[in-house]
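Trainee: This is a predicted model, with the sequence first.
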Amino acid sequence: MYLPDFDYIAAATVVKASRLLGSLGPEAKLIAGGTDVLPMLKQGTLATKTLISINRLSELKNISFEKGKGHIIGALATHNEVMKSPVLQEKYMSVCETAHRMANNQIRNIGTIGGNISNAVPSADFPPILIALGATVTLQNSSGSRTLPLEGFFMGPRQSVIAQDEILTEIVIPENGFSGSTYHKFGLRRSGALAVVGVAVAVAMEGNICKDACIVLGAVAPTPMRAKEAEALLRGKEVSDALLEKAGKLAAAASNPITDIRGSEEYRRDMVRVFTRRCLRKAMDNGHV
Amino acid sequence: MMEGKFSVIGKSKPRIDGRVKVTGQAKYTGDLKLSNMLVGKILTSPHAHAMILKIDTTEAQRQPGVKAVITHEDVPDLKYGISPARWDENIFCIDKVRFVGDKVAAVAAIDEETVYKALALIKVDYELLPAVFDPIEALQEGAPLVHEQCPGNVNTEIHQNFGDVEKAFAEAYYVRTDTFVGQRTYQCPIEPHSAISVWEGGKLTVYSSTQSPHYFQYYIARQFGLKMGDVRVIKPHMGGGFGGKLEPTGLEFAGAALAMRTGRPVKMFYDRHEMFAHNRGRHKQIMKVTTGVDKHGKILGVHADFIMDGGAYTSLGVATAYYAGAMLPLTYEYENYKFDMIRAYTNLPACGAQRGHGHPQPRYAYECHLDMLAKDLGMDPLELRLINTRKPNTVTPNDFRVNSCELEACLKKAKEISGWEEKRKNLSSGKGIGLAVGSFVTGAGYPIYRTDLPQAAAMIKVNEDGTSATLYTGAVDIGQGSDTILCQMAAEAMGFTYEQMKIVSADTETTPHDFGAYASRQTLMSGAAVKQAGEEVKQQVIEMASMMLQTDYRDLECREGVIWRKTDPSVTITYAAVARDFFVRKGPLVGKGSYTPPKLGGTFKGAPVGTSPAYSFCAQISQVDIDEETGEIKVEHVWDVHDCGTVINPALLHGQVHGALFMGMGEAVWEEVVFDDKGKILNANLGEYRLPTALDMPNITSELVFSPEPEPAGPWGVKEVGEGSTIPTMGCYSNAIYDAMGVRVYSLPLSYEKVWRALKEKREHEQQK
Amino acid sequence: MQAIQDKEGIKRYLITLYVNGDPYTKVVKANTLLVNVLRDDLDLTGTKKGCELGDCGSCTVLLDGKPVNACLVLAVEADGRDIITIEGLGDNEKLDPIQEAFIENAALQCGYCTAGMIMSAKALLNSNPDPTEKEVREAIAGNLCRCTGYVNIVKAILSCGRQSKGGDE
């Protein structure tokens, strides 16, 4: 295999990268870790005249907590950096576990959380759990930045609201009232497999009463999707196995999977039911977010 | 008593290539760089079936750095194939392409990037033809013809009938029929194929990642009208084959033509997706099996009625088709056996020989079928097998002579170490335990093309000062460790030490003839030649020592580099001293050996396929844990008990079992080459074609059983180990899944979704009741 | 990083890689991959190419101490960074303990995945000198081996862990 020719520019700042993206137009692409961009270029599923690298912008690697704002994850944090971040491990083990199961160690060492989100691949692992936790993303261009809920970011497979000159710079998980959260990736082998179904759940429990729940499904629709009927069913209810099973069924009914080489529509839908129920139980029993 | 019987064999000596492989020093074909070398690649067809109207190479030729672009017009149009029964491939397609990936043209240029760019500039006009992708559809009247000269797309048709199956079924207490479907899998060696061709005024040298330098030499010489002596094939270190690198890949032919055209060395290679397209992996088989038993469960007769998808070319498929049926009667004793098979051409990549050649899928079908029979009869499946197990010194209905056979001991040991009886009763919900057996050849009784050449030959030269010896063998180490164990065998036979052995192997010019690494043949066949060569050296050493010590040679013994008097062990002399003296007085101290098997098998059509000097036997038990809601299969443990004769190197031997089982496991649960409706592979990469990772592999217990009398056909009593443990695995898992959940999956792979579906159907069925 | 245009009008970049402790300055193109610089320009062919898409791990090297697939790293992005390849382990006198362990435990067959496997193992042992079996399997999950079923590889890596603590358990 080989990489077709392209120009390479290592951007010194986000603003410069944005200007370049703006002036060069759609034939310029951003590269961070490259674990998605390079295989696509090699396989001919992506073409570019210029790769603009933001890999050296170390300010985008920061993972921290800011009171009043929440947990901030720089877009260039690698999966392993997310996985090993003490700040995240303390509060959002579910996010760290998501990073862990995302890919093998070599990929986790270079792939970035920003890349995993901005590629907008329906089976991506970070978006469901981050949406469930109410995360926002900040998109920056040369004239400023905007912050929007991650839930509104995706438009379709490999399509998002990000403009040609915008760069995803940070993800923020705001302070929230969830008492537990989890993400389950159902893949066809224990490593190196994309999600056939991904289910993320965040719940706020008071005793056995579910005060709030957010359920986000991955790989079963053109974008990550909320299972809102299931969430509504749970709110304010005393939790029972039957209730969770019913929530699973509602989530399955709401999902919109396709049949491909990894699984049929019918199988995926039923896996949504199973894993919604199991994830709810796990998040409720976890006692931590 | 066994202790001390052997000095060198039977010990886990470190691999002779261990150090170079852990340091990265070992050079594989793709690592080699020759001066002035060009890089070449083959342009392949994007269509499954199309007429080639026009090939325009002008623009590609014009690219700076491009040195040659060739098509069928520039190469011989002689058809070839590894199987002389049906030569049906050309170096490049002439009139039409027959699958996505068929070879159309090739480019040589100064570097990789230029080659890729030039390939994209070759313009080929195609006229699309209707294509056929399913073997059953291919056999229907009016189906598109893959090869015009082959009506009905029938590539191979077999009808064998031994005894009287109809009568056996008529007299049987119970007859059962089941149909199973296998899948296409690919060998997936981690090293991609590669070949470097060097043309030096009349002589062609090819470095190649090949399992058989000999067959490559034979076919390359034939293709270009060269004398075999003017073609040299060398196999550098090699990164696995598993059957997929046994036959010419096109890289050697195209590379040779480009080297002849340019006068420069040309390195050709496949990318991973091109390896998948070249394929030669496992055939998909549709397998209908019928068995009649008496009321005790004794098998009276078996009918195997199979169809296989061969893809667009013959490859090794004629042999595969015969193997599929020929191997079934090895494990159980019965007189009446009928085997029908059609191998169909389709517009998909050609299938060939993958580990266990043709046999693992039929074995999956049969072992599942037997478990279902056992259930119908209310018997323990292990007991049913014990009633029918083959005994030593018997002959199969298709005329295979079985000498040593410890299948019964394999079953009993597997039962014991797995805790079979206890687990059959007491495993917790969702868990199950299953069993299957297998058997395999220790080398094919006959070479792939008709010839009276010996199967293997070897030469040992003790080096001049006597401190080391070099084994010259045509045997091919593809990773399995033949270089190591043949050196152990040489040292044992010579009375020498392994640590002082050197080896030159798999080079048609410097090493004696050998057919190569396939059909688990080298330990027995190459080993027999090596043993003979070693004994010839030993005899000369002892004779020389007898002169030097002035002792009757019959009173001398020689082991591990020392010669001593049996009657007075204090009188010793070193091998080195004797060998040096030998050289001074008589010239090179050389021993040679060769091996030709005895005449094997019957006289009916196809009788040679499946013959072998010796057969291995194996029983496997696996324990699985099934997620009843998702169908996810967790294999918790596998117990493998092998009857593989005398062990040369225990560490390497168990490594073969682990690897064979790993491949069987991948095929059982995950691996399948999937196509779209245009015949294009959807998962020609290692992300979506899922080999098990380290996290997926269960614990493996690998144990052996031994015959009271060593196998007479093999040197020191050796038998097969490299492929046997792939054979039972799929059936074994299927039976374990049934034990766990009471559902049967009738097609491979036994994917999570298929198990989920079977469970769902079972629940729905129960609700209806 | 300096970029120049050659006479063909192609942009070339001057990079310096610190490979196995030594500086190598090379002129590469934007689309040159680290694995190709190592294999073709530096002749460090111990690093293998198996799939070129980051699925098999044959090209695993340590980049600033971390295992990565050299087939997914642009040479220009490796400029100025430390790279350890299989050739950088052990020395002529003494192999690295993990290399010894692979030989002793028959943890290799064809050897094609071995370099990448050893680099992943090395990275694990550097950060976790006494890993559990699960940690070992997790660390090499990105390295596919078609020969061994991983049985002896896991054994070899675990044996190093115990050795590093001194003595058997």
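Mentor: Thanks, I have the structure now.
Trainee: all contacts plus neighbour counts: C-alpha atoms, from now on.
Mentor: Will do.
Trainee: What residue in chain C comes nearest to chain A?
Mentor: C:Val68 (4.2 Å; CA to the nearest CA).
Trainee: tally of neighbours for that residue?
Mentor: Using other CA atoms under 10 Å in any protein chain shown, C:Val68 is surrounded by 29 other residues.
Trainee: Let me see the contact set for it.
Mentor: A:Asn105, A:Gln106, A:Ile107, A:Asn109, A:Ile110, C:Thr60, C:Val61, C:Leu62 (CA atoms under 8 Å, 6 or more residues apart in numbering or on different chains).
Trainee: Pipe those residues into JSON lines and attach distance to chain B and pLDDT per row.
Mentor: Compiled in JSON lines, the contacts of C:Val68 are given as follows (distance: CA to the nearest CA, whole Å; pLDDT from 0 to 100):
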{"residue": "A:Asn105", "distance to chain B": "13", "pLDDT": "98"}
{"residue": "A:Gln106", "distance to chain B": "14", "pLDDT": "98"}
{"residue": "A:Ile107", "distance to chain B": "13", "pLDDT": "98"}
{"residue": "A:Asn109", "distance to chain B": "18", "pLDDT": "98"}
{"residue": "A:Ile110", "distance to chain B": "17", "pLDDT": "97"}
{"residue": "C:Thr60", "distance to chain B": "12", "pLDDT": "98"}
{"residue": "C:Val61", "distance to chain B": "12", "pLDDT": "98"}
{"residue": "C:Leu62", "distance to chain B": "15", "pLDDT": "98"}
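Trainee: State the pLDDT value of the residue of chain C closest to chain A.
Mentor: Per-residue pLDDT puts C:Val68 at 98.
Trainee: Kindly report the same for C:Asp130.
Mentor: 96.
Trainee: Now the stretch 351-500 of chain B against chain A: closest residue?
Mentor: B:Gly430 (16.4 Å).
Trainee: Would you enumerate the residues in contact with that residue?
Mentor: Applying CA under 8 Å, 6+ apart to B:Gly430 gives the contacts B:Asp625, B:Ile626, B:Asp627, B:Glu628, B:Ala740, B:Met741.
Trainee: Please apply the same query to B:Ala257.
Mentor: B:Ala257 neighbours (CA under 8 Å, 6+ apart): B:Asp74, B:Val75.
Trainee: Not counting its neighbours along the chain, what's nearest residue 110?
Mentor: I'll assume chain A. A:Gly33 (4.9 Å; CA to CA, 6 or more residues apart in numbering or on different chains).
Trainee: my bad, the chain I had in mind was chain C
Mentor: Per CA to CA, 6+ apart, closest to C:Cys110 is B:Gly479, 3.4 Å.
Trainee: Give me the distance between the spatially most central residue of chain A and chain B.
Mentor: Among the residues of chain A, the one closest to the centroid is A:Pro127, at 1.9 Å (CA atoms, centre = their mean). Distance, A:Pro127 to chain B, by CA to the nearest CA, to the nearest Å: 21 Å.
Trainee: Tell me the confidence at B:Lys769?
Mentor: pLDDT, read off for B:Lys769, is 81.
Trainee: How many neighbouring residues does B:Thr510 have?
Mentor: So B:Thr510, with other CA under 10 Å, has 15 neighbours.
Trainee: tell me the SS of it?
Mentor: Following DSSP: H, G, I helix; E, B strand; the rest coil, the label given to B:Thr510 is coil.
Trainee: Might you report the residue contacts of it?
Mentor: By CA under 8 Å, 6+ apart, the residues touching B:Thr510 are B:Tyr472, B:Val504.
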